[in-house]
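coords below, sequence missing:
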Ligand SMILES: [Zn+2]
């Protein structure tokens, strides 16, 4: 049993000071009491806030950050970026995946994320044939997560087609492709691995309505009825047009007509949606997975967050292509997109939480926790003890009231402050340094030098 005493802490009931948390040997919070006796246990000064779940990541894309920013044609778009991305992933071996994942997750922990949903679609060998062990690439991701100490929700992705209506896959997609029976084998193998790994949660992810048909999604829904269920949807205008051309409906409209979308679903992006679709998503309690900096990088568009929030929709944030590894920066960007769009300030708030920082942080945390299927929705009894300690010695915090701490985190340079990060009660980042910083970075550098030399 571990006892931690906190100077300032943001509990699920709000800010409190002088509190003691008892944490069980597996890292879950057993009790929260006012501090009576500091003689045993560790005292944590500064301001402690819960960690942020990252609900959408493609780990390998971290290693190509900055490699697709040169204008190559007059019509550079998401689709030309995807071509570069396919070329890059074509070279990756399982050892590369482990090294990149460990490096990325180490950086995500330093950036305030304390759990990740990994949307993993790179399943097969470079020739496009499955490995003898079909879950080899998934295991490479899990190994990377273990090395960094990041709790992971692995979403093995079902990908079978190149476009709406069950089009055959393109040559660049061979490493992703599984028919339903082979996917089921992969999922069963991963269920066995999940049982042996306390830091691992398993979910299911049809890649998109382009890549999976109605019958295939129906099959996936039956595989594990309680597991998180994620899908990319309505990210690009072309996707909307293609969906209408094939199915006579918009993607979200078609999704809700064909499936019982509920709170286990995470709709990633949902950028281009009508008012009726906003209402449908909000009512269903599905979580929208927003990735503001990747959506900006790819020129996707801006999610109608103001209206969605006015209808009490659920959302969380993801680092997606991993160009930015800082949770506060994603939230800042989410708010700024709305300010620019509506020419207003302080757009994303509620009556009970009028401060943008606190509102966005708490809502993204609870939506993200649900999307990950992990007990990490705020610091409360039963939750895993994942938290971040803000250093109040930084000048930006001098003389400020606690009510402003999260606004400062999002809207000053505070997101870049060196902080401590705890996972399951264990300090894994100390003053901005990960406990395996050098070792993980060294391996990553060695793999990348080899990989990029062959480009
Ligand atoms: Zn994605």
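Perfect, I can see it now. These numbers come from a predicted model, not from an experiment.

Helix or strand with the lowest mean pLDDT in this protein?
helix 78-89 (a mean of 85; mean pLDDT, DSSP states H and E).

What is the subsequent helix or strand relative to that one?
helix 94-110 (DSSP states H and E).

what inclination does that following helix have with respect to helix 78-89?
120 degrees (axes from the mean of the first three to the mean of the last three C-alpha atoms, to 10 degrees).

follow-up on the earlier one: check which residues of the least confident helix or strand of the chain are buried.
78, 81, 85, 88-89 (16 or more other C-beta atoms under 10 Å). C-beta coordinates here come from the backbone N, C-alpha and C atoms, glycine included.

do stretch 184-203 as well
Buried-residue list, stretch 184-203, by 16+ other C-beta under 10 Å: 184, 186-187, 189-190, 197, 199-203.

next one: that stretch to chain centre, how far?
Chain-centre distance of stretch 184-203: 19 Å, with C-alpha atoms, centre = their mean, to the nearest Å.

which other residues reach that stretch?
With contacts defined as C-beta atoms under 8 Å, 6 or more residues apart in numbering, stretch 184-203 is touched by 26, 117, 123, 133-135, 138-139, 142, 145-146, 150-156, 178, 204, 219, 223-224, 227-230, 372-374.

Please check those and keep the buried ones.
Buried among the contacts of stretch 184-203 (16+ other C-beta under 10 Å): 117, 123, 134-135, 138-139, 142, 145-146, 150-156, 178, 204, 219, 223-224, 227-230, 372-374.

So which of those residues are in strands?
117, 152-156, 229-230 (DSSP state E).

Residue 320: which of the residues you listed is nearest?
residue 117 (10.7 Å; C-beta to C-beta).

where does this protein dip in pLDDT?
414-416, 455 (pLDDT under 70).

quick revisit: which one of the ones in strands among the buried ones among the contacts of stretch 184-203 sits closest to residue 297?
Nearest to residue 297 among those, with distances taken as C-beta to C-beta, is residue 117, at 19.4 Å.

So what sits opposite the closest one in the bridge?
Counting by DSSP bridges, residue 117 is bridged to residue 153.

can you tell me the distance between the two ends of stretch 143-155?
For stretch 143-155, the first-to-last residue distance is 15 Å (C-alpha to C-alpha, to the nearest Å).

what do you get for stretch 225-238?
32 Å.

Repeat that for stretch 348-355.
9 Å.

what sits up against that stretch?
305-306, 309, 334-335, 338, 346, 356, 359-360, 362, 403-404, 406-407.

Quick check: of these, which lies closest to residue 98?
residue 334 (31.1 Å).

wait, residue 437 sits on residue 106?
Yes. Between residue 437 and residue 106 there is a contact under C-beta atoms under 8 Å: 7.0 Å.

So if I had to pick from those two, which one is more boxed in?
residue 106 (27 against 15; other C-beta atoms under 10 Å).

Relative to residue 308, how far out is that one?
Separation of residue 106 from residue 308 (C-beta to C-beta, to the nearest Å): 33 Å.

Same question for residue 300.
16 Å.

still on that earlier bit, which of the ones in strands among the buried ones among the contacts of stretch 184-203 lies closest to residue 63?
residue 152 (17.9 Å).

excluding its backbone neighbours, what's nearest the closest one?
Nearest residue to residue 152, sequence neighbours excluded (C-beta to C-beta, 6 or more residues apart in numbering): residue 145, at 4.1 Å.

List the contacts of the one you found.
Residue 145 touches 101-102, 105, 116, 118, 151-152, 199-200, counting by C-beta under 8 Å, 6+ apart.

need the contact list for residue 9.
Residue 9 neighbours (C-beta under 8 Å, 6+ apart): 15-17, 19, 21, 47-49, 379, 387.

Can you pick out the most distant pair from the ones in strands among the buried ones among the contacts of stretch 184-203?
152 and 229 (16.6 Å).

Could I get the full set of strands for the stretch 301-450 of the chain?
314-317, 387-390, 420-423, 426-430, 433-434 (DSSP state E, counting those that start in this stretch).

buried ones in the first one?
Neighbour counts using 16+ other C-beta under 10 Å place 314-317 of strand 314-317 among the buried residues.

next one: the longest one
Within strand 426-430, the residues that qualify as buried by neighbour count (16+ other C-beta under 10 Å) are 428-429.

Can you list the strands that that strand pairs with?
strand 420-423 (antiparallel), strand 433-434 (antiparallel).
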